[in-house]
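> Sequence and predicted structure are below.
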2 protein chains.
Amino acid sequence: MIYKELLSEGDKIILVVVDGLGGLPVVGSFTELELANLPNLNSLCKRYPVGVIEPVGAGITPGSGPAHLALFGYDPLEYRIGRGILEALGLDMDIKEGDIAIRCNFATLKDGKIVDRRAGRIPTEENLRLVDMLKDINEVDGVEIVWKSGKEHRFVLVLRGEGLSDKIMETDPGKEGLEPHEPEPLEPSAEKTSRVLKKVVERAREILKGEERANFFLMRGYAKRPNIEPFSERWGLKPFGTASYPMYRGLAKLVGMYVPSDTPDFESELKAIEDNYEDFDFFYIHYKDADKAGEDGDWKKKVESLERFDSYIPRIMSLGGVVAITGDHNTPALLRSHSWHYVPLLITSLKAGVPTAWTFCEREAIRGSLGIRRSVELIPLLLAVSGRLKRFGA
Amino acid sequence: MIYKELLSEGDKIILVVVDGLGGLPVVGSFTELELANLPNLNSLCKRYPVGVIEPVGAGITPGSGPAHLALFGYDPLEYRIGRGILEALGLDMDIKEGDIAIRCNFATLKDGKIVDRRAGRIPTEENLRLVDMLKDINEVDGVEIVWKSGKEHRFVLVLRGEGLSDKIMETDPGKEGLEPHEPEPLEPSAEKTSRVLKKVVERAREILKGEERANFFLMRGYAKRPNIEPFSERWGLKPFGTASYPMYRGLAKLVGMYVPSDTPDFESELKAIEDNYEDFDFFYIHYKDADKAGEDGDWKKKVESLERFDSYIPRIMSLGGVVAITGDHNTPALLRSHSWHYVPLLITSLKAGVPTAWTFCEREAIRGSLGIRRSVELIPLLLAVSGRLKRFGA
């Protein structure tokens, strides 16, 4: 990668990720961004350049993991994060190289068949009680077993030891009325892991057998931690990341950002940046609400969430530095899901390009002077705008 | 390729290829598309997104073969179709794996030298009579020899057998006044093919020796059928293709589409799709006239052909499904040939993006919300729009 040869000192960079930012027509031909009243964003548009970025590739709708990796400057087709790792990071677990992280659900078993894959969505307190009991299983055949409660029926299991593999059959058959699968090895090198997991399942079954609802558990998304070059080495930046949802904190940690834990909302995320502004030179901050509303198919709620986000702009701008406002992907209320479309991008620096838009929306962003780029190109662009990339060649 | 992991079920897709669609200024700064009266296409533009696609790469003017391969989602720089194969497909010949197809011309030989490389462009009836005579040569050294007349002086020769190679010297020296080359092997593995072809040429010379003009023939464009993954496996679609010109039918067959044969014009192509709509989920349909007019440098005829195409839009739209309207390449009347320029694209689904254009033309398409893509990315994009791509990663 050429960038490493060119790295230099420069201004601070703030990457503001509005999860699920862009949309599709919901009223007439107007999108959520066009329907929202965004005085601050629209004012920035008149002064600074806009453009769009594509999360992964043509037609590819990304999950949060690949979408964020791309924003952080890692090609998501090259760096694949397994679901178990994402879940573990989301629970603030410390995952070491070689560990296997597994996404687990409590489930209800009757006559050997699964009657509820989520054990009636047991309350989180019950989950805590049960996982506490399961923690008795803390070692099998020399492999350390780590348990961590999530919300409701969800928890994460981590295996730590030598020669473990994630090539194991998922025990969750995906629907009710079926028997759970055995955690069979999918390749010879996974035999040890399979043997350990079978013993874990057997002992857990014994521990849970008296429970009415959560009398069993299912495993899927076995994953190893990917080998990722730290963000600081890759981009020459000292990075700080903040998010209210654990998964995004986990993604920031995965690339080696410093991530404070006590940030339950966007307000406190912003406060965390303000409090740590002197000590870092790259800041990632995550705004979740637009994505949630989009997933619900509720365009009015998405419009409101965008308007609420807009109200934070003056405070973000007062930090100083080069600010990029974009999304990890769009979540159009029309689709009720993430999407593959180009995501609007705004960079608050005259050095970034000429302003071309009157409002911050999909329709104008595609024609903006920042062009049409891949998300993975955003960090290099921000390095350039902040004066952090030297000339290439004489 | 990541797409294979993500394939899912979804809506039907119709790919409408207007051969030679876009153009360049011909009256003032207006192009053929801008001069044409296109009420239906312009109405679609106001409701649906537009963009552009690039057939192969910067400045590369494609032939019909690479241009279509790209539209079908095969990188034309990776999959090369030899000229002999294209000619054979253009004559509705069935080409099997391992076959060698050769583009041939009748020629006039005098005192061992070529005096006319096209044998005075003999009428097609004479070609038919001569090829009928040559069909006596139907087997040499266990290799099957297949002959098929084209128009005027052109015909195709196909060798079918074990261990054949296309690494053979062309016998056509490229200009008059020279002796024809021998079909020498260009590498050791081509020795068998060379021996067979020398015998074919010798016997043909004997058969043709009494002819006044077509007393010999020349060979070039030796080609094997490329090894192409079937469209159905690659994209998870059951494909139907229809075109009135044999070469386009051949290209559709080459990627494994089901192609009906009795479609002499666009009207009957459309009818074929209507009659088979239930049984397939991808439809390719080819409109030839715009390209022909462009090649003739006749912008008025091109305008008329585009207007005629426009009149079919309601019937195409009534099929249902996601419709993409684009070209394999542009054929600007100004250039009297194919060109390298971005080709306008329209996708008739609100899920594809926000509408940005008032009319369907080069000027507005480049700024559209579908962006600027490579033709090879079109199928993945259509898969996404039709709901056929699952989310990538968690």
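Yep, that arrived.
> how about the residues of chain A that lie near chain B?
Within chain A, the residues that sit near chain B (CB under 8 Å from any CB of the partner chain) are A:24-25, A:29, A:31, A:52, A:54, A:56-66, A:76-77, A:80-81, A:83, A:86, A:221, A:334-335, A:337-342, A:362-363, A:366-367, A:372. Glycine gets a C-beta too; all of them are placed from N, C-alpha and C.
> Out of these, which end up buried?
Taking 16 or more other CB atoms under 10 Å in any protein chain shown as the criterion, what is buried in the residues of chain A next to chain B is A:24-25, A:29, A:31, A:52, A:54, A:56-66, A:76-77, A:81, A:83, A:86, A:221, A:334-335, A:337-342, A:362-363, A:366-367, A:372.
> Sort out for me which of those are in helices.
A:64, A:65, A:66, A:83, A:86, A:362, A:363 (DSSP state H).
> among those residues, which two are most distant?
Pairwise distances across those (CB to CB) peak at 35.0 Å, for the pair A:83 and A:363.
> What is the burial count for the closest residue to residue A:333 other than its chain neighbours?
Counting by CB to CB, 6 or more residues apart in numbering or on different chains, residue A:299 is the residue found nearest to residue A:333 once chain neighbours are left out, at 3.8 Å. Number of residues near residue A:299 (other CB atoms under 10 Å in any protein chain shown) recorded here: 23.
> Now do the same contact list for residue A:201.
By CB atoms under 8 Å, 6 or more residues apart in numbering or on different chains, the contact list for residue A:201 reads A:171, A:183, A:217, A:219.
> Quick one: the ones in helices among the buried ones among the residues of chain A next to chain B as a markdown table, columns for pLDDT and distance to residue A:327 too.
Formatted as a markdown table, those follow (pLDDT from 0 to 100; distance: CB to CB, whole Å):
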| residue | pLDDT | distance to residue A:327 |
| --- | --- | --- |
| A:64 | 93 | 11 |
| A:65 | 93 | 15 |
| A:66 | 96 | 14 |
| A:83 | 87 | 22 |
| A:86 | 87 | 18 |
| A:362 | 98 | 11 |
| A:363 | 96 | 16 |
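> coming back round to it: quick one: which of the contacts of residue A:201 is the most crowded by neighbours?
residue A:217 (26 neighbours).
> Am I right that that residue is in a strand?
Yes - assigned with DSSP: H, G, I helix; E, B strand; the rest coil, residue A:217 falls within a strand.
> in the top strand by length along chain A, what's buried?
The strand that spans the most residues within chain A, counting by DSSP state E, is strand A:100-110. Within strand A:100-110, the residues that qualify as buried are A:100, A:101, A:102, A:103, A:104, A:105, A:106, A:107, A:108, A:109, counting by 16+ other CB under 10 Å.
> was I right about the second one contacting residue A:87?
Spelled out, it's residue A:101. Yes - if you go by CB atoms under 8 Å, residue A:101 and residue A:87 touch, sitting 6.8 Å apart.
> Tell me the strands beside the longest strand of chain A, with direction?
Using DSSP bridges, strand A:100-110 pairs in its sheet with strand A:113-116 (antiparallel), strand A:154-160 (antiparallel), strand A:216-224 (antiparallel).
> what's the burial count for residue A:122?
Counted by other CB under 10 Å, the residues lying close to residue A:122 total 20.
> so it touches residue A:152, yeah?
Yes - Residue A:122 is within contact range of residue A:152, at 6.3 Å (criterion: CB under 8 Å).
> Save the buried residues of strand A:100-110 as CSV, and put in pLDDT too.
Converted to CSV, those look like this (pLDDT from 0 to 100):
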residue, pLDDT
A:100, 96
A:101, 96
A:102, 97
A:103, 95
A:104, 96
A:105, 95
A:106, 97
A:107, 96
A:108, 96
A:109, 95
